[in-house]
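Participant: sequence and predicted structure, then a few things I'm wondering about:
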Amino acid sequence: MKRISMLRVTLTTLFAVLLAACGRSDAPGATDAGKPAASKVIKLGATAGCFADQIRWGIQPILEKKGYTIELTEFSDYIQPNIALAEGSLDANTFEHVVYLEKFASERKLAIQPLTQVPTAPLGLYSHKHQSLDELADGARIALPNDPTNQARALVMLEKLGWLTLKPDVDPIRASEKDVATNPRKLELLPLEAAQLPRSLDDVDYSFVNGNFAISSGLLLTEALKLEDTADRYINVVAIRTADADAPWVRDLEAAYNSAEFKALVAEKFDGFVLPVIWRGAP
């Protein structure tokens, strides 16, 4: 009986030791919280077209060489990518400029921030009905983005073309239809979701189309009747969660977007794009 009792004690002690070992935070594949260690999977989101292609053709191969697995999700709107990022369904996204990102994050109280700029196709004014801007007629229908920051860009372009004027004290970053001071040609402004702008070309006289959606719909930058002289603040960025800012994979992602390998791809595949500020003058 004593031997049996001692055996039970020994087995109980051994079992307790094993349980303790399994629960230790320094056990293989565990973190301090006892959760699985962070994998090398990076979940990226982008709007369909050039930004997704930049990831697929350039960023993904670079990061795969470092041992990462890239999962790419494509979006057709400007709302869900940031929601998915903030909620953790994505690790990073690219589709927006910093003006839009900061406004969106502030209004919705999201802890997301820019990481680095990416090559960006400029906003353009296109038409399927007219060969030039000189064919503008009174009452022409003009489609433009309905999100505030990109609509402001379109309105500023319209003012530069002399098609309308904005109130003298308006902030050009925040201009809206309410800020139109004069509209002598009685233009009909039609705000639409950015993804719908290429499809509007058969129904309107002229349409502003964001560069990524223009390219994804088959339009060429050279087909635009007018391209925006894109300000640095409207160059698109990679966005991440603020909590991840110092993570090693974030540094690797940033390095990939600014690597010589990616720059060579952009020169070959994305001619005419506005380049990140830090690239200018760099080899």
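Facilitator: Okay, I see it.
Participant: could you use CA atoms for every contact and neighbour count after this?
Facilitator: OK.
Participant: okay, domains of the chain per the record?
Facilitator: Using automatic domain parsing, the domain parsing of the chain gives 41-120+233-279, 124-229.
Participant: now do the same end-to-end measure for the shortest one.
Facilitator: Chord length of domain 124-229, first to last residue, is 10 Å (C-alpha to C-alpha, to the nearest Å).
Participant: now that domain: average pLDDT?
Facilitator: Taken as a whole, domain 124-229 has a mean pLDDT of 97.
Participant: show me the contacts for residue 184.
Facilitator: If you count contacts by C-alpha atoms under 8 Å, 6 or more residues apart in numbering, residue 184 has them with 163, 164.
Participant: now it: how far from residue 139?
Facilitator: Distance, residue 184 to residue 139, by C-alpha to C-alpha: 9 Å.
Participant: same question, residue 280
Facilitator: Noted for residue 280: a distance of 42 Å to residue 139, by C-alpha to C-alpha.
Participant: same deal with residue 218?
Facilitator: Note on residue 218: its distance to residue 139, by C-alpha to C-alpha, is 28 Å.
Participant: more crowded one of those two?
Facilitator: Neighbours of residue 218 and residue 139, each counted by other C-alpha atoms under 10 Å, are more numerous for residue 139; the result is 14 against 10.
Participant: give me the neighbour count for the closest residue in space to residue 141 that isn't next to it in sequence.
Facilitator: Nearest non-adjacent residue to residue 141, counting by C-alpha to C-alpha, 6 or more residues apart in numbering: residue 188, 4.7 Å away. Neighbourhood size, residue 188 [other C-alpha under 10 Å]: 15.
Participant: so residue 188 sits right up against residue 137, yeah?
Facilitator: No - the pair formed by residue 188 and residue 137 falls short of the contact definition of C-alpha atoms under 8 Å, at 11.1 Å.
Participant: any idea of the pLDDT on residue 281?
Facilitator: We have a pLDDT of 73 for residue 281.
Participant: all strands for the stretch 101-250 of the chain, in order.
Facilitator: Shown for the stretch 101-250 of the chain, the strands assigned by DSSP state E, counting those that start in this stretch span residues 112-117, 124-126, 141-145, 165-166, 180-182, 188-192, 206-209, 226-227, 236-241.
Participant: so what does residue 257 look like in phi/psi?
Facilitator: In terms of degrees, to the nearest 10, the main-chain angles of residue 257 are phi -70, psi -20.
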